[in-house]
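Below are the sequence and a predicted model; questions follow.
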Amino acid sequence: MMFDKDFSAGYLANHMARLFAIGLQRRIAPLNLAPAQFMTLLELWEDDGLTQAELVGRLDVEQATMANTLKRMARDGLIERKPHPKDGRAQQNWLTERARSLQEPATKAASAVNEAALAGLTQWERTALIELMRNTIANLQKTQRPS
């Protein structure tokens, strides 16, 4: 039996993710944001002051990738890094005013990408797709965690 990419959940999810990333990148470029910065900002807008390790866990990215993203964000004036009051090895990442001012335009840009992607789907189809995606992500996260 030959592998059929048109019926591969992994292939299709990867293709869809790349298209979402391209659409997001185009829409947030005028804000001088990169997609990795936007993903990190989403977490910090929800819960300011997270550490690098907490962000790694929430975003399922490598430590080195997150370290580079945070370094760029500090350089670009999006976050301020301060020592963690209870863990001398960790730093908390705090939003700057610039980062807070980008929340509305950046999330509107992301919503526009989502809306374009889901155009033509009924509300039931949209809800079902999102729920199926959440379940699939949870399944994959279970398989990635060490036993």
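Sure, I can see it. Residues are numbered from 1 along each chain as shown.

For this protein, give me the ranges with low pLDDT.
In the predicted model, the chain carries pLDDT under 70 at residues 146-147.

can you list contacts of the helix or strand where Trp124 lies?
Taking DSSP states H and E as the criterion, Trp124 maps to helix 123-144. For helix 123-144, the external contacting residues (C-beta atoms under 8 Å, 6 or more residues apart in numbering) are 9, 13, 60, 118, 121. To be clear about C-beta, it is placed using only N, CA and C from the backbone, and glycine gets the same treatment.

swap in stretch 35-44?
Stretch 35-44 is contacted from outside by 21, 24-25, 28, 33, 50, 55, 58-59, 61, 65-66, 69-70, 72-73, 76, 78-79, 93-95, 99, 102-103, 106-107, 110, using C-beta under 8 Å, 6+ apart.

Of these, which belong to strands?
79, 93-95 (DSSP state E).

Drop anything exposed from those.
Applying 16 or more other C-beta atoms under 10 Å to those, the neighbour count classes 79, 93, 95 as buried.

which of the residues you listed lies closest to Trp45?
Leu95 (7.2 Å; C-beta to C-beta).

now the closest one: how far from Gln25?
Leu95 is 21 Å from Gln25, where distance means C-beta to C-beta, to the nearest Å.

Repeat that for Met1.
From Met1 over to Gln25 the distance is 37 Å, taken as C-beta to C-beta.

Quick test: name the residue nearest the centre of this protein.
Met39 (3.0 Å; C-alpha atoms, centre = their mean).

Buried residues, stretch 89-107. List them.
By 16+ other C-beta under 10 Å, the buried positions in stretch 89-107 come out as 91-93, 95, 99, 102, 106.

how far is it from where the chain is centred?
The chain centre lies 14 Å from the centre of stretch 89-107; the measure is C-alpha atoms, centre = their mean, to the nearest Å.

burial measure for the residue nearest to Ala112 when sequence neighbours are not counted, as a count.
The shortest distance from Ala112 to any non-neighbouring residue, by C-beta to C-beta, 6 or more residues apart in numbering, is to Arg27 (6.1 Å). Arg27 is flanked by 20 other residues according to other C-beta atoms under 10 Å.

Alright, calling it a day.
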